[in-house]
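1. attaching a predicted model along with its sequence, questions to come.
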Amino acid sequence: MEKVLTGLDRFRDGQWERFRGRRLGLLCNQASLDSDLRHAKNIISGVLPGNLEALFGPQHGYGGEDQDNMIETGHSVDRELGIPVYSLYSDYREPLEEMLDLIDVLIIDLQDVGTRVYTFASTMLNCMKAAGKAGKKIVVLDRPNPLGGIITEGNLLRSDLFSFVGPCAIPMRHGLTMGEMALMFDRVFNLETLPEIILMSGWTRGMLWHDTGLRWIMPSPNMPVPETAYVYPGQVIWEGTNLSEGRGTCRPFEIFGAPYLDTASIRRSLAPWATKGCLLQDITFRPTFNKWDGRLCRGFMIHILDHAVFRPYLTSICLLMAVIEGHGRDFRWKDPPYEYEFERMPIDLILGDGELREAIGTGEDISKIIGIWDNENRDYVQWRRDFLLYK
């Protein structure tokens with residue numbers, strides 16, 4: 001099998017030459033490494049000494065140091081190169097004009113996780129908008145979608161619920177790489193930035209992360225292993241509830257629960273097909289921060305048995321409906337704020353459809369819910385073809 005090379009690998013191996021004489025900015029974080037675990041900053045400054053003028057960091061910081069949502073990171077200076085490190089998760093979430101004045105080209109090298117509710121795509125979109133206004137070039141060093149590029153899952157995001165955790169009408173599991181999303185954003189928002197994508201080689205759409213041969217470097221503090229990404233399209237919904245999504249444990253999103261949870265009653269409520277391809281292990285845990293900090297929680301840990309049939313969004317929606325049915329007195333939707341939205345309900349921003357939240361809360365037949373998003377997905381799969389870069 002051909003070795004998978006990321007966009008950064010290919011930049012390192014020769015694609016860098018056409019950027020001679022250009023003032024460069026780099027949007028990256030701790031996961032922006034090549035296949036030899038060398039950071040993008042060091043690669044670029046090594047082959048193009050003096051050309052790198054500014055660094056930019058997304059949510060959680062340039063070094064991935066900040067936990068949780070709405071924990072802002074300040075600006076700093078890179079000690080090695082003596083250039084500014086601008087946070088794009090602070091008072092503002094887009095590069096300002098004076099930041100872009102330092103550069104001609106903004107290179108983006110971020111590892112996405114394949115789920116709509118993840119802010120790196122929004123940060124890229126904000127950079128594309130700002131770069132378009134400032135007349136700067138955008139270059140994306142592409143990376144694998146850890147969930148592959150074939151299977152898509154979930155309802156499309158409604159336009160009235162666009163936010164920093166979902167800027168475009170795509171499903172929860174979208175099946176796109178960052179480069180493909182950049183092309184999509186350019187068309188959908190009429191940006192005319194014409195982003196240049198430095199393609200991967202050796203990656204095909206059927207590959208999950210463990211098929212790539214690449215080492216997993218956690219792109220954010222609560223995405224420690226590939227298994228986190230595999231369950232995340234479903235398990236992220238607990239962020240909109242009073243259940244712990246496992247933050248404050250060693251395996252966030254794989255672990256979830258609450259002090260009030262009766263796991264036996266949850267199991268009795270679940271249809272066998274609801275957990276197809278996975279196994280739920282009963283578990284107790286005590287989060288060290290975030291929801292239920294220091295309290296003993298009862299819940300589950302999800303173990304994936306068969307990636308081909310496991311559908312994380314469906315499984316977690318079924319689990320949510322079982323929790324509401326059996327724990328109506330204790331269960332609560334989380335109140336705002338959530339990712340700088342202070343009025344709209346977090347669960348609506350996450351699910352992407354207020355009617356879906358109501359259907360789940362009233363126990364509507366899950367087959368009707370699935371039928372709606374399956375129809376939307378068929379249309380989406382056809383529509384996204386124009387943006388696909390890999391076979």
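-> Cool, the structure landed.
2. my read is that residue 205 contacts residue 151, right?
-> No. Using Cβ atoms under 8 Å as the test, residue 205 is too far from residue 151 to be in contact (9.4 Å). Any C-beta I mention is one placed from the backbone N, CA and C, and that applies to glycine too.
3. quick check: neighbours shared by those two?
-> The overlap between the contact sets of residue 205 and residue 151 (Cβ atoms under 8 Å, 6 or more residues apart in numbering) consists of residue 175.
4. would you mind measuring from residue 7 to residue 16?
-> 11 Å (Cβ to Cβ, to the nearest Å).
5. ok, residue 23 touching residue 107?
-> No. Contact between residue 23 and residue 107 fails when scored by Cβ under 8 Å: they sit 11.3 Å apart.
6. the more surrounded of these two?
-> Higher neighbour count among residue 23 and residue 107: residue 107, with 28 against 16, using other Cβ atoms under 10 Å.
7. quick one: contacts for the more buried one?
-> Here residue 107 is in contact with 24-27, 40, 44, 139-141 (Cβ under 8 Å, 6+ apart).
8. at 6 Å what do you get?
-> Counting by Cβ atoms under 6 Å, 6 or more residues apart in numbering, residue 107 touches 26, 139.
9. confirm it sits in a strand?
-> Yes. Applying DSSP: H, G, I helix; E, B strand; the rest coil, one finds residue 107 inside a strand.
10. what residues are recorded as beta-bridge partners of it?
-> Beta-bridge partners of residue 107, counted by DSSP bridges, are residue 26, residue 139.
11. where's residue 185, which helix or strand?
-> Secondary-structure element containing residue 185, defined by DSSP states H and E: helix 178-188.
12. adjacent strands (with direction) for the helix or strand following that helix?
-> Following helix 178-188 in sequence order, the next helix or strand is strand 196-198 (DSSP H and E). In the sheet, strand 196-198 lines up against strand 137-141 (parallel) (DSSP bridges).
13. ok and the strand it pairs with relative to helix 178-188, angle-wise?
-> Here the directions of strand 137-141 and helix 178-188 differ by 150 degrees (axes from the mean of the first three to the mean of the last three Cα atoms, to 10 degrees).
14. what sits up against strand 137-141?
-> Residues outside strand 137-141 that contact it (Cβ under 6 Å, 6+ apart): 7-8, 11, 105-109, 128, 131, 178-179, 182, 193, 195-198.
15. tell me the buried residues in the longest helix belonging to the chain?
-> Taking DSSP state H as the criterion, the chain has its longest helix at helix 366-383. Neighbour counts using 16 or more other Cβ atoms under 10 Å place 366, 369-370, 373, 376-377, 380 of helix 366-383 among the buried residues.
16. over to stretch 161-176?
-> So for stretch 161-176, counting by 16+ other Cβ under 10 Å, buried means 161, 163-176.
17. give me the domain ranges for this protein.
-> 7-215, 226-352 (automatic domain parsing).
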